[in-house]
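> Pasting the sequence and the predicted coordinates here, then a few questions.
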Amino acid sequence: MCGRFVQAGPVAVYASMFDAEGWRDSPAPRYNLAPTQPLLACRERDGRRELRPLRWGLVPHWSKGPDSRYSMINARAETVHRKPAYRGPFRSQRCLIPAETFYEWRPGPQGRQPYAIRMKSHEPFAFAGLWDAWQAADGSLLESCTLIVTDANALVRPIHDRMPVILPAETWARWLDPGFRDVEALGGMLRPFDADRMEAYPVSPRVNSPSHEGPELLEPLRRTDG
């Protein structure tokens, strides 16, 4: 499960990264983005790529609407093609979610220790995601998304048995193309990312609370942190 990550921006970096139209607003950098909060995602519509804010936690178009639970924030790669909430979006409503870092927690004698996990280059990367749009009785739309997770790679496995799917840049065009509906080929993209290109290190347990924000959350853990 992936329950927190960093989306520090700026928007222009993501727009350039995906060759997409930038969102007109510039949201504040997020160093502890949590479920139910808005995030920026890239999707393709009418042959154009766009960055859009989406609620983290998928609300299927056929559902009764959102709730306050942390539900549908992650979709399992093994079953995403057949679960009712995900199989439609998996066919034609896929997105890329930019990030610089994600967090996972390792159980230990003193409790769960958070780790920051990122590229060794510190460059942003892209999670594989799905999106959907739910319409309220008043006609307003709520657009939301979920991250796809798979087995952990060798770096993440000592921390957690699952990790978000990170897609290499050469797969982005096919993933975003709503006209590409080869389920087998799409499923083949949902693999653990190359561990040799990544790094992980412990950080302060302050990241445990989504009320804590700021770049200091990414600093390596010191003995006095808490």
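Happy to help now that I have it.

> and the spatially closest residue to residue 34 that is not a sequence neighbour, helix, strand or coil?
In space, not counting the residues next to it along the chain, residue 34 is nearest to residue 210; the distance is 3.8 Å by CB to CB, 6 or more residues apart in numbering. Any C-beta I mention is one placed from the backbone N, CA and C, and that applies to glycine too. Per DSSP: H, G, I helix; E, B strand; the rest coil, the local secondary structure of residue 210 is coil.

> Which SSE is immediately downstream of the lengthiest helix in the chain?
Ranked by residue count under DSSP state H, the longest helix found in the chain is helix 11-18. Following the chain from helix 11-18 toward its C-terminal end, the next helix or strand by DSSP states H and E is strand 30-33.

> Give me the helices and strands touching that following strand, please.
strand 5-7 (3 or more CB pairs under 8 Å, 6 or more residues apart in numbering; DSSP states H and E).

> So which elements touch the strand it packs on?
Applying 3+ CB pairs under 8 Å, 6+ apart, we find strand 5-7 packed against strand 30-33, strand 94-99, strand 101-106.

> again, only this time at 10 Å
Helices and strands touching strand 5-7, by 3 or more CB pairs under 10 Å, 6 or more residues apart in numbering; DSSP states H and E, are strand 30-33, strand 38-45, strand 94-99, strand 101-106, strand 113-119.

> Tabulate those in a markdown table, adding columns for distance to residue 127.
Shown next, in a markdown table, are the helices and strands packed on strand 5-7 (distance: least, CB to CB, whole Å):
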| stretch | distance to residue 127 |
| --- | --- |
| strand 30-33 | 11 |
| strand 38-45 | 9 |
| strand 94-99 | 4 |
| strand 101-106 | 8 |
| strand 113-119 | 12 |
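
> most tightly surrounded among those?
strand 94-99 (a mean of 26; mean count of other CB atoms under 10 Å).

> what ranges of the protein fall below the confidence cut-off?
Across the chain, residues meeting the criterion (pLDDT under 70) sit at 68-70, 223-226.

> try it again with 80
In the predicted model of the chain, residues 1, 22-26, 67-71, 222-226 satisfy pLDDT under 80.

> does residue 1 really touch residue 162, like I thought?
Yes: counting by CB atoms under 10 Å, residue 162 is a contact partner of residue 1 at 5.9 Å.

> any shared contact partners between these two?
Residues within reach of residue 1 and of residue 162 at once, by CB atoms under 10 Å, 6 or more residues apart in numbering, are 74, 76, 104, 149.

> ok, and what's touching the longest helix of the chain?
7, 9, 20-27, 40-44, 49-51, 96-100, 123-126, 169, 172-173, 176.

> Thank you kindly, that will do.
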